[in-house]
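Colleague: Have a look at this fold, sequence not included:
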């Protein structure tokens, strides 16, 4: 269920917070601590984006494992004060021919047609892969996970095809990457901010700082995130 979209809410759009589903969270107790840290950071909603690897996972298997992890976490976390709302999603590794994969809509953010897509960490992406992502962008609202890690020219090509981008909080806070993040913000294509939390070591310190660094721009990003959810909600 998507929470009241009229509120000015803080959304962590990229979080590895479901227990034992990937390397980001090893147990229910760790997931609870992650949620507690998110709550203390003023986060209202967390999109749980565990890794989906098409060469290792099947959509039905992943969806079932995700539901079981979510149920275990929710069952034991109701006492967390100001617990953020959880939306189920996935961080989907792009591959050639992915546009033909059955059931891909089940990996979108819950109740939406918004697909968080991770690209390979190479300087240049192969044309067949780019073509597949462009085709996906005609079916879904593709958001490129942590776009701050990729080649600007490669991201630009996908933005021209309709893809939006998500920035990681640590990149926004990085002096080295701040100019790059600002460049993406100026394009108007930044749709979300993510903690990309793995474990609890760094917590939500960077996520809090990133919002301060972004200022009004960060508010606009959060508005865009919830507007995306509103527009895409319940589409078949």
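Modeller: Looks like it arrived, so ask away. These numbers come from a predicted model, not from an experiment.
Colleague: Going by C-alpha atoms from here, please, whenever you check contacts or count neighbours.
Modeller: Will do.
Colleague: Where does the prediction get shaky in the protein?
Modeller: Counting by pLDDT under 70, the low-confidence segments of the chain come to 1-7, 78, 230-236.
Colleague: Which stretches in the chain count as helices?
Modeller: Listed in chain order, the helices of the chain (DSSP state H) span 28-40, 59-75, 127-139, 152-160, 169-173, 175-187, 205-214, 216-232.
Colleague: Which of these sits closest to residue 21?
Modeller: The closest of those to residue 21 is helix 59-75. By Cα to Cα, the value is 6.9 Å.
Colleague: wait, what's in contact with the residue nearest to residue 93 when sequence neighbours are not counted?
Modeller: In this structure, residue 93 finds its nearest non-sequential neighbour in residue 118, 4.7 Å apart by Cα to Cα, 6 or more residues apart in numbering. By Cα atoms under 8 Å, 6 or more residues apart in numbering, the residues touching residue 118 are 91, 92, 93, 94, 144, 145, 146.
Colleague: State the distance from the third one to residue 30.
Modeller: Yep, that's residue 93 we're talking about. As judged by Cα to Cα, to the nearest Å, residue 93 and residue 30 stand 24 Å apart.
Colleague: Could you dump the helices of the chain into JSON lines with mean neighbour count added?
Modeller: Shown next, in JSON lines, are these (neighbours: other Cα atoms under 10 Å):
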{"stretch": "helix 28-40", "mean neighbour count": "21"}
{"stretch": "helix 59-75", "mean neighbour count": "16"}
{"stretch": "helix 127-139", "mean neighbour count": "17"}
{"stretch": "helix 152-160", "mean neighbour count": "16"}
{"stretch": "helix 169-173", "mean neighbour count": "23"}
{"stretch": "helix 175-187", "mean neighbour count": "15"}
{"stretch": "helix 205-214", "mean neighbour count": "18"}
{"stretch": "helix 216-232", "mean neighbour count": "18"}
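Colleague: Could you save these as JSON lines and add columns showing distance to residue 98?
Modeller: Converted to JSON lines, those look like this (distance: least, Cα to Cα, whole Å):
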{"stretch": "helix 28-40", "distance to residue 98": "30"}
{"stretch": "helix 59-75", "distance to residue 98": "12"}
{"stretch": "helix 127-139", "distance to residue 98": "6"}
{"stretch": "helix 152-160", "distance to residue 98": "15"}
{"stretch": "helix 169-173", "distance to residue 98": "28"}
{"stretch": "helix 175-187", "distance to residue 98": "26"}
{"stretch": "helix 205-214", "distance to residue 98": "31"}
{"stretch": "helix 216-232", "distance to residue 98": "21"}
